[in-house]
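Peer 1: Quick one: sequence plus predicted model below, questions after.
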Amino acid sequence: MVGASVAGTSHVAVGQACQDDHAAEIVSAGGDTVALLAVADGAGSAAASRFGARTAVDAALRALRAAFERDGRAGLCTDWLRDAVADARASVYQAADQYGHVPQEYSCTLLLAVVAPQRTLAAHVGDGAIVVEDDALRVLSFPEQGEYANVTRFLVDSDALDAVRVCDHGPVRRIALLTDGLQALALDYATATAFSPFFDPIFSHVERTNDAREETDAQLAGWLDSPAVNERTDDDKTLLIAVRTVA
């Protein structure tokens, strides 16, 4: 697994920290193993959105980990994902109340995935995308809004739990979660597909590398902050990748 969140050049120019966040872990229980992935994108217009993103990611992973430890891989179901989104939303509301803020100041999107040997489940609120590769590269969950729209759904919205999109897919070899800062580079809006020249080199590098996680994370962060990327997007950007390797 490799992941990085990098501040966009427009945010750096005004002294604003990166408002994206991500987390991932591999968990084992009862001889079963799954990968848990979470990404959140704080709303640029919300004062405390980076704290909302961090809170949402932590709470969602905590809920998914607890579900796996309780039910095992045999109990894997879409309810895990819906419950994790609900827990993340409740945690964001609690954090806002604790610090005397309105929940809208913690506005963020949320993307979740549970990758098991035979199934891949995902949940999605807002923009960003989840891309997988099994027999072909495909978008498991597309952004809720269009390429140029600047309005999307957030986790704190009143209808967020009703609008969460949940996917139940088969086994995958590669998966990537990304925030909207990378959509223009990674997605083909005309065909609603993933852009393979963006994903193939990154997936292949992660599969081949023998570097430690910290090194590959740093390499990814450096690439996300490179001129080649910054010329295409000035927004915060997060890319979280997991690949299945065969010994």
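Peer 2: Right, received. Where do you want to start? Residues are numbered from 1 along each chain as shown.
Peer 1: got a list of what Ala63 touches?
Peer 2: Contacts for Ala63 were tallied using Cβ atoms under 8 Å, 6 or more residues apart in numbering; they are Trp80, Asp83, Ala84, Asp87, Ala88. From N, CA and C alone the C-beta is placed, and that goes for glycine too.
Peer 1: With secondary structure and neighbour count added, can I get those residues in JSON lines?
Peer 2: Shown next, in JSON lines, are those (DSSP: H, G, I helix; E, B strand; the rest coil; neighbours: other Cβ atoms under 10 Å):
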{"residue": "Trp80", "secondary structure": "helix", "neighbour count": "23"}
{"residue": "Asp83", "secondary structure": "helix", "neighbour count": "17"}
{"residue": "Ala84", "secondary structure": "helix", "neighbour count": "27"}
{"residue": "Asp87", "secondary structure": "helix", "neighbour count": "19"}
{"residue": "Ala88", "secondary structure": "helix", "neighbour count": "30"}
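Peer 1: Relative to Gly30, which of those is nearest.
Peer 2: Checking the contacts of Ala63 against Gly30 with Cβ to Cβ, the nearest one is Trp80 at 15.8 Å.
Peer 1: How about that closest one, nearest residue that isn't a chain neighbour?
Peer 2: Closest residue to Trp80 apart from its sequence neighbours, by Cβ to Cβ, 6 or more residues apart in numbering: Ala67 at 4.4 Å.
Peer 1: and the one you found, how many neighbours does it have?
Peer 2: 21 (other Cβ atoms under 10 Å).
Peer 1: One more: Asp71?
Peer 2: 15.
Peer 1: Could you measure from it over to Ser91?
Peer 2: 21 Å (Cβ to Cβ, to the nearest Å).
Peer 1: next one: Ser107
Peer 2: Distance from Ser107 to Ser91, by Cβ to Cβ: 14 Å.
Peer 1: For Val39, see how far away Ala88 is.
Peer 2: 12 Å.
Peer 1: Since that was my last question, I'll sign off now.
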